[in-house]
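[1] only geometry, no sequence info:
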């Protein structure tokens with residue numbers, strides 16, 4: 001990674017090596033954290049049910065029974081994380097017989 005892209009060419013030249021490495025590490029951690037948050041998409045029950053090709057009521061029943069993809073409750077509203085829905089679908093895929 002080129003340092004002048006993150007800090008500007010003048011700023012990178014005036015920093016000591018240790019300080020520059022430290023700031024690059026922090027920038028890398030921050031970029032990774034932003035990427036994780038971008039992947040953190042919440043779907044409401046209706047949208048999650050459409051994604052799974054089932055009825056929203058089925059998801060509600062599954063949540064009460066503790067089966068299916070885990071819901072996330074924020075206040076009184078129920079959401080489903082997109083990554084958990086995708087993992088659930090992958091986990092439900094039956095292996096093909098040879």
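    Arrived safely. Keep in mind the model is a prediction, meaning the values are calculated, not measured.

[2] need the contact partners of the helix or strand hosting residue 60.
    Following DSSP states H and E, one finds residue 60 within helix 56-65. Contacts made with helix 56-65 from outside it, assessed by Cβ atoms under 8 Å, 6 or more residues apart in numbering, are listed as 45, 46, 48, 49, 52, 68, 69, 71, 78, 80. Any C-beta I mention is one placed from the backbone N, CA and C, and that applies to glycine too.

[3] from the residues you listed, which land in strands?
    Counting by DSSP state E, those place 78, 80 in strands.

[4] what is the nearest of the contacts of helix 56-65 to residue 97?
    Distances from residue 97 to those, taken as Cβ to Cβ, are shortest for residue 52 (24.1 Å).

[5] wait, that closest one touches residue 89, no?
    Yes - with contact defined as Cβ atoms under 8 Å, residue 52 counts as touching residue 89 (7.0 Å).

[6] look at these two and report which has more neighbours.
    Neighbour totals were compared for residue 52 and residue 89, and residue 52 leads with 20 against 13 (other Cβ atoms under 10 Å).
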